[in-house]
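Novice: here's my sequence, what's the structure:
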Amino acid sequence: MRFLLIHCRTYCSNAVISENLHIARYGRLGQIHNARQVFDGLREKNIVSWNSMVACYFQNNQPNEARNLFEQMPERSTVSWNGLISGYVKNRMVKEAREVFDKMPHRNVISWTAMIRGYIQEGLVSEAETLFLKMPERNVVSYTVMFGGLIQDNQIDKARELFNTMPVKDVVAWTSMVGGYCQTGRLAEARQLFDEMPERNVFSWTTMISGYVQNNHVDVARKLFEVMPHKNEVSWTAMLNGYTQSGRMNEAMELYYAMPYKSVVSCNAMILGFSQNGDVDKARNIFNQTIEKDNATWSTMIKTYERHGFELEALRLFTSMQTQGVKPNFPSLISILSVCSNLANLDHGRQIHSQLVKNLCDTDVYVNSVLITMYVKCGNLVKAKIVFDKSPNKDIVMWNSMITGYSQHGLGEESLKLFDKLCSLSISPDDVTFIGVLSSCSYTGNINKGVEIFNSMKLKYSIDPKTEHYACMVDLLGRNGKLDEAMSLIKNMPMDPDAIIWGSLMGSCRIHMNLEMAEIAAKKVIELEPTNSGPYILLSNIYASKKKWCEVEDVRKRMRLEKVKKSPGCSWIVIGKEVHMFRGGESENSTHVEYDLIIQMLEYLMGLIREAGYCPDGRFVLHDVDEEEKVHSLGYHSEKLAVAYGVLKVPKGIVIRVMKNLRVCGDCHSAIKLISKVVSREIVLRDANRFHHFKDGVCSCRDYW
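Specialist: Numbering: from 1, shown residues only. Predicted coordinates:
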């Protein structure tokens, strides 16, 4: 009988222990419902069962349920009270934790340390210190937590005083103090303490190496790394980061291939290092070699493509990431939003917006700024304004995005109204705001308002105009034919005019055919930016428009001599989620799968607009060829091909959106206006300067661009 009783008690005890382990396991997995089912099903609950269930609620961010269960406990130990304090601390509820701490019947060193840790976690270091000084007894953990808080608060000397008073110092305490010195750049003191350590582990060595790396002493870090008795993944990666962050990628590669095990963190560091060095191919090679990719691997590679102008590759990689079931993280979503902005891929941008809404990120100020920029660059100002209006908190970046957006779309009046509203709300505009507003005045030809706003910058808002603001004013005056005033403004600037200033003047000279001033401006731009093809091309345009073919050829020769290359004109359109790219010229696009249909549609459209009065403008052909060749050349400009494909593929009633990497030519501008009329379609063209909304034969820019 006695044997059976002992056996039963042992069995019951073991059963409770097993169930308690199940509760803890379900809590870690976030399966709080299952944990509660096991708890409620226990025939015999001991104090550990109650503590485990309370901890589960805290672990799953349900502090109220945890407190309710705690109040129902038939008995409580100091461990139970400590669990309540720790749970509140983990849920960043330090006030509630302190109420429990003050109320608990018995406190031990763990209670005091948990409360101190809570204050430090919230940055309340002085409160933590006050409590620490009242502690009846301290152990090495409480000391380490306290001086860790002082280090976190950059009170290094005070931390060292406390460190010196510690009766017992373990390796964690020594290492924390070394890390504190490294954090503040006091490497000599860190190294002295490191050398004095009675015992070092791999973490101690790695901390010292990381300290050297973070303070740009990579070669010293390498010497220490070489004499390390034992190395782990973290130490290898710390040394690798030293090389990648300082751009020493050859040494980084040698170390990377010498690593006994290449962790995903080290692979990500290599991808990022190559990205920062502009070596996209090598970054992709490392990406391909990485067997176990995490979210950071994908987002770093996507960011690499986005940063270096490989937008299509970024989109393909993002699609591949989703296909493989990897959930996009915040950085990758933001990168793809930027890609959608650059490509004007509205459909993909909307999809990313939906994911941000699902992830509850759409109230973030930074996210909304990126979303507004994306919709503006995709030509959907209505949606951009909806995001702007819905944002509960608007920073100046968001206001600037909308003001600039209206300006770029030729809606100068709306841009100025928004600027007035900004000022009426007593929000201080910054220098970017004024670039947007002055650009609006320039695009709409509103000289008086532009001059008034420019003068108000210094007088009313205490903002000194920068080169960019002077460039806007030169553009404003020059576009309106006031070239002499524009030149006078340049001569009286408080700073030396840069290439943008002279480029603005040169653009105006082209509009008003002032060859003499254009040559002066071109010479200045070429002096400042000898490899920039822009001034050469603009000068060629002016010479060609005046049929000065010898001068055109002289400009071309100089370009060849200086090895200046003109960026080839290209346009693109997104159909579905696929980007279709077109280049200028008949033969350049012959590989497109629907090339014949595109040419048929283009010829059909050109026939329609000729009937409507279109006459090809040979001034935009920069070669001395006969009129027939000029007409043929103009017909195959990339924007015309993209528009033809849009008419062919985009359903009626849907806006055709085309992007071009250069400024739209005057002939194409005239042609697309008429196309919008003869086929009754709305066409939005984004060129290098601004947006053109074509509808019913009229452009939003009012032929002023």
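Novice: tell me where the stretch 151-300 of the chain has helices.
Specialist: With DSSP state H, counting those that start in this stretch as the criterion, the stretch 151-300 of the chain has helices at 156-165, 171-183, 187-196, 202-214, 218-226, 233-245, 249-258, 264-276, 280-289, 295-307.
Novice: now tabulate those in CSV and tack on mean neighbour count.
Specialist: (C-beta placed from N, C-alpha, C; glycine too.) Shown next, in CSV, are the helices of the stretch 151-300 of the chain (neighbours: other Cβ atoms under 10 Å):
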stretch, mean neighbour count
helix 156-165, 16
helix 171-183, 21
helix 187-196, 16
helix 202-214, 22
helix 218-226, 17
helix 233-245, 23
helix 249-258, 16
helix 264-276, 22
helix 280-289, 16
helix 295-307, 23
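Novice: hang on, isn't Asp347 packed against Ile575?
Specialist: No. Between Asp347 and Ile575 there is no contact under Cβ atoms under 8 Å: 9.5 Å.
Novice: quickly find the element holding His693.
Specialist: Assigned by DSSP states H and E, His693 belongs to strand 691-695.
Novice: and the next element down the chain from that strand?
Specialist: strand 698-699.
Novice: who's in contact with that following strand?
Specialist: By Cβ atoms under 8 Å, 6 or more residues apart in numbering, the surrounding residues in contact with strand 698-699 are Gly410, His669, Ile672, Lys673, His692, His693.
Novice: same question for stretch 647-662.
Specialist: Residues outside stretch 647-662 that contact it (Cβ under 8 Å, 6+ apart) are 343-344, 346, 378-379, 567, 569-575, 594, 597-598, 601, 605, 638-639, 642-643, 646, 675, 679, 681-688.
Novice: in helices only, show me these.
Specialist: Per DSSP state H, helices hold the following members of the contacts of stretch 647-662: Leu343, Leu346, Leu597, Ile598, Met601, Leu605, Ser638, Glu639, Ala642, Val643, Gly646, Ile675.
Novice: what's the closest of those residues to Lys394?
Specialist: Leu346 (23.1 Å; Cβ to Cβ).
Novice: quick one: residues contacting that closest one.
Specialist: Contacts of Leu346 by Cβ under 8 Å, 6+ apart are Cys340, Tyr375, Cys378, Gly379, Asn380, Val574, Arg657.
Novice: any chance of those in JSON lines, with neighbour count too?
Specialist: Conversion of these to JSON lines gives the following (neighbours: other Cβ under 10 Å):
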{"residue": "Cys340", "neighbour count": "29"}
{"residue": "Tyr375", "neighbour count": "27"}
{"residue": "Cys378", "neighbour count": "26"}
{"residue": "Gly379", "neighbour count": "23"}
{"residue": "Asn380", "neighbour count": "20"}
{"residue": "Val574", "neighbour count": "23"}
{"residue": "Arg657", "neighbour count": "23"}
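Novice: for those, work out which two are farthest apart.
Specialist: Tyr375 and Val574 (14.3 Å).
Novice: partners of the strand holding His693, with directions?
Specialist: Sheet partners assigned to strand 691-695 using DSSP bridges are listed as strand 683-686 (antiparallel), strand 698-699 (antiparallel).
Novice: what's the closest of those strands to Ala24?
Specialist: strand 683-686 (57.1 Å).
Novice: ok, and what's touching that closest one?
Specialist: 344, 377, 379, 639, 643, 646, 655-660, 664, 672, 675-676, 691-695.
Novice: put the buried members of those residues into a PyMOL selection.
Specialist: The buried residues among the contacts of strand 683-686 can be selected in PyMOL (16 or more other Cβ atoms under 10 Å) with this line:
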select buried, resi 344+377+379+639+643+646+656+657+658+659+660+664+672+675+676+691+692+693+694+695
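Novice: how about the strands in this protein?
Specialist: Using DSSP state E, the strands found in the chain span residues 570-575, 578-583, 656-660, 683-686, 691-695, 698-699.
Novice: would you list those strands in JSON lines and tack on distance to Met115?
Specialist: Below are the strands of the chain laid out as JSON lines (distance: least, Cβ to Cβ, whole Å):
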{"stretch": "strand 570-575", "distance to Met115": "57"}
{"stretch": "strand 578-583", "distance to Met115": "58"}
{"stretch": "strand 656-660", "distance to Met115": "59"}
{"stretch": "strand 683-686", "distance to Met115": "58"}
{"stretch": "strand 691-695", "distance to Met115": "59"}
{"stretch": "strand 698-699", "distance to Met115": "68"}
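Novice: so can I have a markdown table of those strands showing mean pLDDT and distance to Ser439?
Specialist: Shown next, in a markdown table, are those (pLDDT from 0 to 100; distance: least, Cβ to Cβ, whole Å):
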| stretch | mean pLDDT | distance to Ser439 |
| --- | --- | --- |
| strand 570-575 | 89 | 23 |
| strand 578-583 | 87 | 28 |
| strand 656-660 | 91 | 19 |
| strand 683-686 | 91 | 15 |
| strand 691-695 | 90 | 12 |
| strand 698-699 | 90 | 17 |
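Novice: what's the weakest-modelled helix or strand in the chain?
Specialist: Each helix and strand of the chain was given a mean pLDDT (mean pLDDT, DSSP states H and E); the minimum falls on helix 627-635 at a mean of 45.
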